[in-house]
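[1] pasting the structure only:
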């Protein structure tokens, strides 16, 4: 369970998040939606300890989030990970990065760790690319490699920041099918997305964010009026066909 | 016999010094921090001047000075939100200016400036040789022990930190050893040339191979060949050793460029 209470975040005089109170139960497939600048990435980064907490509390499994993060692996797929495409790493090296915290100095990856990397890559459908240099991977392939890295450590939570951004239209639905499988295997998924149409088929909990918070369960997901009331003219519901 | 011992010592010092710097070079190259080698060696010049004026142990004072300055740069950049590369460049130049003023004011003005600027492997004593040897062994051990941590730190430090890989500790150790490496090898490599030996071996090998363990191994091999070849050239042509090693490494770099084009 992830519990957020009385969370406020500002940059200078500018409020980014205001009075956020939110509980995400285990097993949810939660989607965070909102217009640009609504504070979606900020909220995720605060939960993941990538931004310092200014006001409020975040707890994961009843423990202050920074303490929890120190001792547990956390699954995270960032929107635009900065890396040099010429960096001498293979896809498998990147997946093994998710297990590198387990290594002591002078230790090499064990056979069982390599096996876990293989399983994660098979599950996300990128095992065939294991030996390819990262510079030779397409956007969609790299996305699956990073998803494999996010799940290889065995975290029960998986955060994704606009995973559809670097995947082509046809790939988005397949990617969400994969996320649903991971969700059904017991992982709690929290994803930022702009693709409402796809989300309605997969997620169980919708978090509408625009500095402040508004939550819905699945039954209300398709009610465009609610989303429109909340975001006003800044957001339009786009129906895509795949 | 005296000449033979003296030459052998100088040759071994050249090889160990080049090797020690070369095994850092793949990570310096991947992290795009070759300017740090330049900065540390110039800051070291101020450290040498302070030690000279105060009559203290040159290496220890220089090492402490460089490490304190490196942390001061990090702190200032963070505290006043300055661009770190700008802060480094400012301190690099100010260190040189400070060193020149100190030396010109001191009675030690007659000290051999060019041997510090360009290095003089023939001045390496037996005690220096032991230090250079220890440094080479330490560098090798560090790269072997922290290989994975260094690999992921070079890939993306922020993500590596999020994934609980001990990158902060590894990075501190990396920078302290890099500074120590430069200070210990200044006598053999020289202030101006030491940074070339921190980038040329890996820059050459990366033109031919992209697998990191192979790059580290071949950078070391290339540095040893350049050290022996450069030493021989300096003996035959009566030119400075450090400069001939760097020139030879540059020739290898040019060859690797043409081979990369062909491949």
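    Looks like it came in fine. These figures come from a predicted structure and were not determined experimentally.
[2] what's the domain layout of chain A?
    Using automatic domain parsing, the domains assigned to chain A come out as A:1-74+A:156-242, A:85-101+A:108-154.
[3] May I ask which helix or strand encompasses residue B:39?
    Taking DSSP states H and E as the definition, one finds residue B:39 inside helix B:34-54.
[4] next helix or strand past that helix?
    Using DSSP H and E, the helix or strand that directly follows helix B:34-54 along the chain is helix B:58-79.
[5] Could you list the buried residues of whichever helix or strand comes after that following helix?
    Stepping forward along the backbone from helix B:58-79, the first helix or strand reached (DSSP H and E) is helix B:84-105. Taking 16 or more other C-beta atoms under 10 Å in any protein chain shown as the neighbour-count basis, helix B:84-105 is seen to contain the buried residues B:87, B:88, B:91, B:92, B:95, B:96, B:98, B:99, B:102, B:103. Using the backbone N, CA and C atoms, a C-beta is placed for each residue, glycine as well.
[6] Show me how far helix B:84-105 is from its chain's centre.
    Taking C-alpha atoms, centre = their mean, to the nearest Å, one finds helix B:84-105 lying 18 Å from the centre of the chain it belongs to.
[7] how far off helix B:58-79 does it point, in degrees?
    For the pair helix B:84-105 and helix B:58-79, the angle between their directions (axes from the mean of the first three to the mean of the last three C-alpha atoms, to 10 degrees) equals 140 degrees.
[8] Which residues does helix B:84-105 contact?
    Contacts to helix B:84-105, defined as C-beta atoms under 8 Å, 6 or more residues apart in numbering or on different chains, come from residues B:35-36, B:38-39, B:42-43, B:45-46, B:48-50, B:52-53, B:69, B:72-74, B:76-77, B:109, B:111, B:113.
[9] Give the other helices and strands that the next helix or strand after that helix contacts.
    Once helix B:84-105 ends, the next helix or strand along the chain (criterion: DSSP H and E) is helix B:113-118. Secondary structure elements in contact with helix B:113-118, counted by 3 or more C-beta pairs under 8 Å, 6 or more residues apart in numbering or on different chains; DSSP states H and E, are helix B:167-189.
[10] Buried among the contacts of helix B:84-105? Need that as a selection in PyMOL.
    The following PyMOL command selects only the buried members of the contacts of helix B:84-105, with burial defined by 16+ other C-beta under 10 Å:
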select buried, chain B and resi 35+36+38+39+42+43+45+46+48+49+50+52+69+73+77
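[11] what's the span of stretch A:135-142, first residue to last?
    The distance separating the two terminal residues of stretch A:135-142, taken as C-alpha to C-alpha, to the nearest Å, comes to 9 Å.
[12] What residues sit buried inside it?
    Applying 16+ other C-beta under 10 Å to stretch A:135-142 flags A:137, A:140, A:141, A:142 as buried.
[13] of all these, which comes closest to chain B?
    Distance to chain B across the buried residues of stretch A:135-142 (C-beta to the nearest C-beta) is lowest for residue A:142, with 12.8 Å.
[14] tell me which element that closest one falls in.
    Per DSSP H and E, residue A:142 falls inside helix A:139-152.
[15] Output the contacting helices and strands for that helix.
    Contacts of helix A:139-152 with other secondary structure elements, assessed using 3+ C-beta pairs under 8 Å, 6+ apart, are made with strand A:75-77, helix A:91-96, helix A:111-123, strand A:157-161, helix A:169-184.
[16] and among those, the most buried is which?
    The highest mean neighbour count among the helices and strands packed on helix A:139-152, using mean count of other C-beta atoms under 10 Å in any protein chain shown, belongs to helix A:91-96: a mean of 25.
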